[in-house]
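>>> missing the sequence, but the structure's below:
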């Protein structure tokens, strides 16, 4: 158990809908990351937050947004969902924000868009 | 961001030592090298991290030559449960608390298959 908690574990929704994935980082970690993993794309970095502020941005679609709240939990919002958004979404956390910090991953949220 | 290149797959047998080499020719001065292990449908799990020379922990060793353009993950005496995908990552942000973030980018990884 990495200490990173993600909910829900599984989610099935229809195209065009909007979903919110939730992440609680490890105790004491200030940085939260979101990754998307699909069969054909591998693990893709989406976005990073540190202590409530956006720190790094990857290949995150405009239909997707995220935020980190004062209690440090984070949410990833996915809207106007398409079939291709079906993937495993991972949240990860670390103490700091730089590359020297070990990142711990949650078990992921399976999103299926039908 | 430093791009990494590693073998797509490797096969081994139980009890053998496995060495997975990763190339990262464009590594930056302040980049760390980190290896993760991932089982199907699970989140990647941290294995080891290093900056230069050799790092060893209870599960693996990491060898980094002086030029840091490559690194080798060494798994001693692998077992069936070590069958997984192994990712080599190189950090992408400046160090320190005031750094610009950490776009830790995963490559395609190496699928290690351990057989009896």
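Arrived safely. Quick caveat: nothing in here was measured; it's all calculated off a predicted structure. Numbering: from 1, shown residues only, chains lettered A, B, ... in the order given.

>>> what are the ranges of the strands in chain B?
Taking DSSP state E as the test, the strands found in chain B are B:9-13, B:18-23, B:33-38, B:45-50, B:53-56, B:61-64, B:70-75, B:84-90, B:110-115.

>>> Could you find the closest non-adjacent residue to the most centrally placed residue in chain A?
Nearest to the geometric centre of chain A sits residue A:34, at 3.0 Å (CA atoms, centre = their mean). Once flanking residues are discounted, residue A:34 sits nearest to residue A:46: 4.2 Å by CB to CB, 6 or more residues apart in numbering or on different chains. All C-beta spots, glycine's among them, are computed from the backbone N, C-alpha and C.

>>> separation between residue A:94 and residue B:87?
In this view, residue A:94 and residue B:87 are 16 Å apart by CB to CB, to the nearest Å.

>>> Could you do residue B:57 as well?
Applying CB to CB, the value for residue B:57 to residue B:87 is 17 Å.

>>> Then residue A:14?
Counting by CB to CB, the gap from residue A:14 to residue B:87 is 33 Å.

>>> By proximity to chain A, which residue of chain B wins?
residue B:91 (1.9 Å; CB to the nearest CB).

>>> give me the beta-bridge partners of the residue nearest the centre of chain B?
For chain B, residue B:35 is the residue whose C-alpha lies nearest the centre (CA atoms, centre = their mean; 2.7 Å). As for beta bridges, residue B:35 partners with residue B:48, residue B:88 under DSSP bridges.

>>> and the nearest residue to residue A:79 once chain neighbours are set aside, what does it touch?
The shortest distance from residue A:79 to any non-neighbouring residue, by CB to CB, 6+ apart, is to residue A:18 (4.2 Å). If you count contacts by CB atoms under 8 Å, 6 or more residues apart in numbering or on different chains, residue A:18 has them with A:77-81.

>>> Ok, residue A:104 next?
Neighbouring residues of residue A:104 by CB under 8 Å, 6+ apart: A:2-4, A:26, A:29, A:92-94, B:46.

>>> repeat for residue B:56
residue B:62.

>>> quick revisit: what's the neighbour count on the residue of chain B closest to chain A?
Neighbourhood size, residue B:91 [other CB atoms under 10 Å in any protein chain shown]: 27.

>>> Quick check: it touching residue B:32?
Yes: between residue B:91 and residue B:32 there is a contact at 4.8 Å, judged by CB atoms under 8 Å.

>>> Return, as residue ranges, the portions of chain A with sub-threshold pLDDT.
A:99-100 (pLDDT under 70).

>>> Do you know the pLDDT at residue B:105?
What the model reports for residue B:105 is a pLDDT of 72.

>>> Confirm that the residue nearest to residue A:34 lies within a strand, as I assumed.
Yes: counting by DSSP: H, G, I helix; E, B strand; the rest coil, residue A:46 is part of a strand.

>>> Check the contact between it and residue A:37; I expect there is one.
No: assessed by CB under 8 Å, residue A:46 is found out of contact with residue A:37, at 10.5 Å.

>>> Residues of chain A that sit close to chain B?
Within chain A, the positions near chain B by CB under 8 Å from any CB of the partner chain are A:2, A:4, A:31, A:33, A:35, A:42-45, A:48, A:50, A:55-58, A:88, A:90, A:92, A:94, A:96-108, A:110.
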